[in-house]
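**Student:** build me a model:
(one chain, ligands or ions: 1)
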Amino acid sequence: MSIAAAKTLAGVVGWPVHQSLSPLLHGFWLREHGITGAYVALPVKTIAFSSVVTGLRAAGFAGVNVTIPHKQAAFAIADGCDDAARVAAAANLLVFKDERIEARNTDIAGLKASLVEAIGPDALRARNIVIIGAGGGARAAVLACDALEAAGIYILNRTDRRVAALIHDLAGSTTAKLHAGGLDAWPNLAPDAALFIHATSAGMNGAPSLDLDLRLLPPGAAVCDLVYRPLETAILARARELSLRAIDGLGMLMHQAVPAFEAFYGIRPEVTPALRAELEQALRE
Ligand code: NAP
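**Tutor:** Numbering: from 1, shown residues only. Alright, predicted model coming up:
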């Protein structure tokens, strides 16, 4: 269907955004449900973010997804937000409703759904988790693991400042106990971790991966990599070699899009093997 014929418009705002899988993902569901809508990638620099959002709302868009580097600005621009966006102080979804901009954060629910799909709803209860990275993805990971009732969450980062800010912002909102550390704490913490989440941008698009000894994880531990370009990261390949459970970043990406699609087009779509196959094909090309 041509964009000119589309009744409901939505998109993803980011910089850069040409690499985003969101148009393909939402396009799949638009076709599947026969909806006369369109979903477009909108490359927007930081300086133009707020004027573009105001313009899209005035132009009748139903809303937009927001990606790097605008997630904090999206939270700040909104007239109201859901609990997840408030706790994360970041939003990946803006819904335009009755002259208002509502900020939501669906990354947390997206990762939680992906983890539940892979290891079940109780696998993290009262267990310890290690997360490496302290950016937006790590924040979502902390809140997803807290929602799955983890006991202790150890957040290790290359530099101190960002991990200290994460603990400062999130510790009051979690039941799990949060601990900060450097990457050198890995050998002490890995043996007791039920789950390791890699949440740095190392290993993306051919960049060198972190050098971690995954043999230190206990048998039966799960390893989740938020990076999905490449889909099979060096960390996931090593986890599989060691017979650890490997969870890729595509699950989080697909599940975070479910509530966004529902907010834009009024139908709750499903994450299916056919959707995954289409996205995997795009990642291979
Ligand atoms: P971000 O806010 O820019 O944070 C990047 C993090 O990576 C920081 O903690 C940074 O450490 C660390 N880092 C970068 N290069 C490193 C290196 N060479 N060695 C050690 N640490 C390094 O990024 P983000 O938004 O959290 O995203 C992180 C990754 O998660 C990206 O690959 C992104 O695509 C992915 N992600 C995936 C999904 C999904 O749906 N699957 C959702 C969100 C994010 P410093 O603080 O020391 O700089």
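
**Student:** contacts only, for Val271.
**Tutor:** Counting by Cβ atoms under 8 Å, 6 or more residues apart in numbering, Val271 touches Ala113, Glu117, Gly251, Met254, His255, Val258. For glycine as for every other residue, the C-beta is placed from the backbone atoms N, C-alpha and C.

**Student:** where's the last one, which helix or strand?
**Tutor:** What that stands for is Val258. Following DSSP states H and E, one finds Val258 within helix 250-265.

**Student:** next SSE downstream of that helix?
**Tutor:** Criterion used, DSSP H and E; the element after helix 250-265 is helix 273-284.

**Student:** output the contacting helices and strands for that next one.
**Tutor:** Secondary-structure packing of helix 273-284 (3 or more Cβ pairs under 8 Å, 6 or more residues apart in numbering; DSSP states H and E): helix 22-32, helix 250-265.

**Student:** hang on, the earlier thing: in CSV, list the contacts of Val271 along with distance to His179 and neighbour count.
**Tutor:** Compiled in CSV, the contacts of Val271 are given as follows (distance: Cβ to Cβ, whole Å; neighbours: other Cβ atoms under 10 Å):
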residue, distance to His179, neighbour count
Ala113, 26, 20
Glu117, 27, 14
Gly251, 26, 22
Met254, 30, 24
His255, 27, 21
Val258, 32, 19
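
**Student:** make CSV from the residues you listed and add pLDDT and distance to Leu25 to it.
**Tutor:** Below are these laid out as CSV (pLDDT from 0 to 100; distance: Cβ to Cβ, whole Å):
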residue, pLDDT, distance to Leu25
Ala113, 98, 15
Glu117, 97, 16
Gly251, 98, 12
Met254, 98, 7
His255, 98, 11
Val258, 98, 10
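
**Student:** in JSON lines, list the residues you listed along with distance to the ligand.
**Tutor:** Shown next, in JSON lines, are the contacts of Val271 (distance: Cβ to the nearest ligand atom, whole Å):
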{"residue": "Ala113", "distance to the ligand": "11"}
{"residue": "Glu117", "distance to the ligand": "13"}
{"residue": "Gly251", "distance to the ligand": "8"}
{"residue": "Met254", "distance to the ligand": "8"}
{"residue": "His255", "distance to the ligand": "8"}
{"residue": "Val258", "distance to the ligand": "12"}
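
**Student:** done for today, thanks.
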